[in-house]
Every structure is written in C-alpha cells, then in structure tokens.
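**Student:** can you look at this prediction? I've put the sequence above it.
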Amino acid sequence: MALITSAGVGSGLDLESIISATVDAENLPKLQKFTQKESELSVNLSSVGAIKSSLSSLDDIMEKLADIENFNKRTATLTQPSSGDLISVTTTSESTSASFNVEVIDLAQGSRAVMDDNLFTSPTDEVTASGGNLTFTAGAKSFSLNLAAGATLEELRVAINDSDDNFGVTANIINDGTSSKLVLTSDETGNGNDLVITNDTAELDNVSTLANDGVSQGGLKIALDDMAQDAVIEVDGISISSATNKFTDAIQDITITALKESENNEKAGLVIDVDKETVESNINEFIEKFNNVIDTIEYHTKVGGALSGDSSMRSLKSQLVNTLSSMVTGAGGFETLYDIGLGLSKKGDLEKDSLVRSLNDALTESYDDVGTIFTAPDGIATVFSDLLDNYLESDGALIFRENSLNAELKQLENDRSNHDYRMEQLEITLRKKYSSLDVLIAQMQSNGSFLTSQLANLPGFTRES
C-alpha cells in the first residue's frame, strides 16, 4: 500500500513503524486466510476437472458403442494375385458374410476414332472452306462445335479439347511421315457407346465418322479393337458385365471396381465379414476409459486428497461399478456385460475375463448379440450414457460443482479487493490520528525549548553543568 506521508518527522518518534505494525496486525492474518482458501478452491476445482475429463472420455467411447451402425459395418478382405491388384471393393452394413473368387475378363473401354491416310498432310491444312457444324455423340452424351471458314486441322483439335460442353472426347494429331491424322478418344465406355461424329456440310466429311449423306462413312474410322466395350468379370465362374469398371450389386450390397485384366485366369479372393476388429478395439477402449475414471476418482478421494471424504464422488464410483451389472434383454444367451467375456479383477479393474468365454469367442459365435448388449434400449452403452449425462450435461452434477467453485473463487477475489480497500482506509485513518499527535508533540517540544531559553536569560538562573 502506498504511504501517504512520512509520519514522525515533527516529533522524531518512529510513527511509521507503529502504523505499519498496526496495519500488518489487521492485514496479514486475513491475507493468509485468503491465500489458504484460494489454494483449497483451486485444488478442488482441478480435481473435479480431472474427474470430469475422464468421464468425458468414457462418454465418447460409450457413444460409439451405443451406435448400432458401428456394429453393422462390414469388412472386405482381398487376396490379390502376384501380378498386381485386380479389384477394389466397398461394402455396406447390409453386406452378407461370404467368400468369393473374382476374375477380371475385360476392362471397360471407350472408343477410338482414327483418320484415314493421306487426307491431310499438315496440321495447318484447311478442313473447311466455308465453315460448318460438327456434332460429337457417345451413348446419351453429345456436344457440338461451330467451325469458322478456313478452320485448320490444328484449330479443330484445339476447339474439341477446349470446348466447355465436351463430355470426355480428347483430340490429338499424329504425323506418320506422309500425313497428319486426327485421332479422337472418348471416355464414354460400354457396348454401343462408340463415338459418332456428324456434320451439316459435306466439306466436313473427312473429320466425321458419318458422311453428310447420313449413310456413307466419313474420314474417321473406329477399328474393331477400338470400339467401346463393357467391363466383364466372373464371380465364382458367373459372368457379369457393366458399362463401366464399377460393378454395383454384382454381389448384393457390394461394389466391385475392376482395376486390371487378369493374367492367365488369375483370380482375386474376396472375404466379406463383420468388422470384429473395430468392435473389439472399441470395447478395449471402453475398458481402458472405465478403469481410468475409477483410478482418477480414487486418487482424488484418497486420504489427504483434495476430495477426501467427498460422498458425491464415492456415490459416482458406486454407480459406475453397479452399471456394469445391468441386465439387458433380447441379447440371445447374453444378459450382462460379464457374459461376453468381461469381468472385474481382484483389484477392481474391468478386464477381459476368459473364465466363462473370451470376448473373441463371443464376437465369433454371437456377434449380433454382443451388439445388442451395448446398443439395446436397456443396453450397457445406453445406461452408461444416461448416467454420465447426469454429471456432464450443462445442468449436471460436475458442471454445477465446477460453477460453484468458480463462483467461490470470484467471490474470494471480490473479498480480497474489498479487504485491500479497508486496509487503505485503515492506514489513512491511522495517519490522520498520528499526524495530529506528531504535530502536538512537535509543538510541545518547541514550547519546551522556548521556555528553557527564556529561563536561561533570567538573572540568577544557573544551568546545571
């Protein structure tokens, strides 16, 4: 606190020490209480926060285990041949567990049109003197180009490639030494989807697949091997075709994408199964998070801990442990969490317990029933989520506890501020009182010195030596 003046200057008394000692006697014990209370509140808040954080982590994994979709996932295990990957596969929750052998006979192909020999000698050769329109069609897709008078072969190539309406036709010019040939490829695959190029003037017959008369062939030809074709695969010897390399529901609720053609009748092995690995991983995480919550509560409520003797924390721990024994209906031969291979150790930790059966056995023999144990309306994950919500939601017990502790810290801050103000006022009051005393004593000392001086001047006054 700032000193208002230097007390004792007039009287020579050590009034500063008196003022300081008086203020300290009032101030220091209170400050010590503030510091102690703040430390207690902060430690309690930290402990509650640690428990809340561990509960939030447990709640996160319970949300996964409460979602039936996480039990409905299917995995596709592929065994590819040594020559490389033949197929890729995606599944749905409706995919049925089974195994297949898949051979890729043909990949889907778009058509390729090549210009006849000796129609043009250079890319700068003119393809039309008066201009005209070309229409490009493959299957249900088409686009058109308008060529200006005097357009060259190169300008046609650029116009095709740069057209905003182009659905997938690529134009190139190949020079074979004697002529320049326009080559067009279409990415529209599937039988019957060959590229067809028509025109509105016979001048453009050389750059069309169909002449202007509507009957004759134009200057662009599609060879037999260059025709658009379906992709073909065999699943366990059954032939299946598709206009693209993607086969949707060739096997029900499974999508197969052909990547390359099989060599020497090689096949890819495909096994569809439930996603036991992910489910077991989620259950392992549940075990870990549950034990962490129990350990965290025990640490902060032990003798000497910030929450030692806290009845609400003891109640929370009991509720968590009791929830493990919840009965679940509709799960086949399973009724509790302990029936699927989990149990409590002597120490009290949740663990995989194979005395009755292992978790892996339960997942292998009764996968859907394990899902029911967690996801049923009265399932373990559902019951746990309801319990945790009582503590973690905005009006939950732990949030209320945190808010109360924060409110106490805020009030403590206000109390400290008010106390500082009172100490300032106390010092001001003391200084006023001691200032008057200082003046009085200084006046008395001055009067005494004056009287002594006057007496010394009286006749017959002798100063003692």
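**Tutor:** In hand now; what should we look at?

**Student:** longest strand anywhere in the protein?
**Tutor:** strand 98-106 (DSSP state E).

**Student:** hmm, who's touching that one?
**Tutor:** Defining contact as CB atoms under 8 Å, 6 or more residues apart in numbering, one finds that strand 98-106 is touched by 86-87, 229-236, 239, 251, 256, 258-262, 265-272. C-beta coordinates here come from the backbone N, C-alpha and C atoms, glycine included.

**Student:** try 6 Å this time
**Tutor:** Strand 98-106 has contacts (CB atoms under 6 Å, 6 or more residues apart in numbering) with 86-87, 231-236, 258, 261-262, 267-272.

**Student:** mind listing which of those are in strands?
**Tutor:** Short answer: the contacts of strand 98-106 in strands (DSSP E) are 87, 231-235, 258, 268-272.

**Student:** ranking these by neighbours, who comes first?
**Tutor:** Of all these, the highest neighbour tally under other CB atoms under 10 Å goes to Ile233, namely 27 neighbours.

**Student:** ok, the ones in strands among the contacts of strand 98-106 vs Leu58, which is closest?
**Tutor:** If you rank these by distance to Leu58 using CB to CB, Ile272 comes first, at 32.6 Å.

**Student:** and that closest one, how far is that from Asp60?
**Tutor:** 29 Å (CB to CB, to the nearest Å).

**Student:** Thr124 now?
**Tutor:** Note on Thr124: its distance to Asp60, by CB to CB, is 68 Å.

**Student:** paired strands for the longest strand of the chain, with orientation please.
**Tutor:** strand 231-235 (antiparallel), strand 268-274 (antiparallel) (DSSP bridges).

**Student:** need the contact partners of the shortest one.
**Tutor:** Surrounding strand 231-235, the residues in contact under the criterion CB under 6 Å, 6+ apart are 100, 102-108, 240-242, 245, 258.

**Student:** if we go to 8 Å?
**Tutor:** For strand 231-235, the external contacting residues (CB under 8 Å, 6+ apart) are 87, 100-108, 189, 239-245, 247, 250-251, 256, 258.

**Student:** can you flag the buried ones in these?
**Tutor:** With neighbours counted by 16 or more other CB atoms under 10 Å, the contacts of strand 231-235 contain buried members at 87, 100, 102-105, 107-108, 189, 240-243, 245, 247, 250-251, 256, 258.

**Student:** I figured Leu107 hits Lys260, correct?
**Tutor:** Yes. With contact defined as CB atoms under 8 Å, Leu107 counts as touching Lys260 (7.0 Å).

**Student:** stretch 37-56: which residues count as buried?
**Tutor:** Buried-residue list, stretch 37-56, by 16+ other CB under 10 Å: 37, 41, 44-45, 47-48, 50-52, 54-55.

**Student:** same deal with stretch 299-309?
**Tutor:** 300-301, 305-307.

**Student:** ditto for stretch 355-363
**Tutor:** Buried residues in stretch 355-363 (16+ other CB under 10 Å): 357, 359, 362-363.

**Student:** try stretch 17-28
**Tutor:** 19-20, 23, 27.

**Student:** before we move on, the earlier item: now the buried residues of stretch 299-309 as TSV including secondary structure and distance to Asp368?
**Tutor:** Shown next, in TSV, are those (DSSP: H, G, I helix; E, B strand; the rest coil; distance: CB to CB, whole Å):
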residue	secondary structure	distance to Asp368
His300	helix	40
Thr301	helix	40
Gly305	coil	44
Ala306	coil	45
Leu307	coil	42
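
**Student:** redo those residues as TSV? Include pLDDT.
**Tutor:** Shown next, in TSV, are those (pLDDT from 0 to 100):
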residue	pLDDT
His300	90
Thr301	88
Gly305	84
Ala306	84
Leu307	87
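
**Student:** and for the residue nearest to Glu335 when sequence neighbours are not counted, the neighbour number?
**Tutor:** Nearest-residue entry for Glu335: Met327, 5.6 Å, with adjacent residues in sequence omitted and distances by CB to CB, 6 or more residues apart in numbering. The tally of other residues near Met327 (other CB under 10 Å) stands at 9.

**Student:** try Asp164
**Tutor:** Asp164 has 5 nearby residues by other CB under 10 Å.

**Student:** list the contacts of it.
**Tutor:** Counting by CB under 8 Å, 6+ apart, there are no residues that Asp164 touches.

**Student:** try 10 Å
**Tutor:** When contacts are counted by CB atoms under 10 Å, 6 or more residues apart in numbering, Asp164 touches Phe143.

**Student:** tell me if I am right that it is in a helix.
**Tutor:** No. If the criterion is DSSP: H, G, I helix; E, B strand; the rest coil, then Asp164 is coil and not within a helix.

**Student:** got the phi/psi numbers for it?
**Tutor:** phi -70, psi -20 (degrees, to the nearest 10).

**Student:** so how far is Asp187 from it?
**Tutor:** Noted for Asp164: a distance of 16 Å to Asp187, by CB to CB.

**Student:** quick one on the thing from earlier: next helix or strand past the longest strand of the chain?
**Tutor:** Following strand 98-106 in sequence order, the next helix or strand is strand 112-115 (DSSP states H and E).

**Student:** restricting to C-alpha, output that following strand in CSV.
**Tutor:** Taking C-alpha atoms only, strand 112-115 is exported to CSV below (Å, rounded to 0.1, in the frame of the first residue of the first chain):
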residue,chain,number,x,y,z
ARG,A,112,-11.1,-44.5,-80.5
ALA,A,113,-11.5,-43.0,-84.0
VAL,A,114,-8.5,-42.7,-86.3
MET,A,115,-8.4,-40.6,-89.5
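
**Student:** circling back to that earlier point, so what sits against both of Leu107 and Lys260?
**Tutor:** Asn245.

**Student:** thinking again about what came up before, next, format the buried residues of stretch 355-363 as a markdown table and append pLDDT, distance to Asp205 and secondary structure.
**Tutor:** What follows is the buried residues of stretch 355-363, written out as a markdown table (pLDDT from 0 to 100; distance: CB to CB, whole Å; DSSP: H, G, I helix; E, B strand; the rest coil):
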| residue | pLDDT | distance to Asp205 | secondary structure |
| --- | --- | --- | --- |
| Arg357 | 81 | 79 | coil |
| Leu359 | 92 | 74 | helix |
| Ala362 | 93 | 74 | helix |
| Leu363 | 92 | 69 | helix |
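
**Student:** just the closest of these to Leu344, please.
**Tutor:** Closest to Leu344, out of all of the buried residues of stretch 355-363 and judged by CB to CB, is Leu359, at 14.6 Å.

**Student:** just say helix, strand or coil for the residue nearest to Leu210 when sequence neighbours are not counted.
**Tutor:** Leaving aside its sequence neighbours, Leu210 sits nearest to Thr198 (CB to CB, 6+ apart; 5.1 Å). Using three-state DSSP, the secondary structure recorded for Thr198 is strand.

**Student:** quick one: contacts for Thr198?
**Tutor:** Taking CB under 10 Å, 6+ apart as the test, what Thr198 contacts is 133-137, 142, 144, 204-205, 208-212, 214, 218.

**Student:** not counting sequence-adjacent ones, nearest residue to the residue most central in space within the chain?
**Tutor:** Closest residue to the average C-alpha location of the chain: Asp60 at 12.5 Å, with CA atoms, centre = their mean. Distance criterion CB to CB, 6+ apart; nearest residue to Asp60, sequence neighbours excluded, is Lys289 at 7.8 Å.
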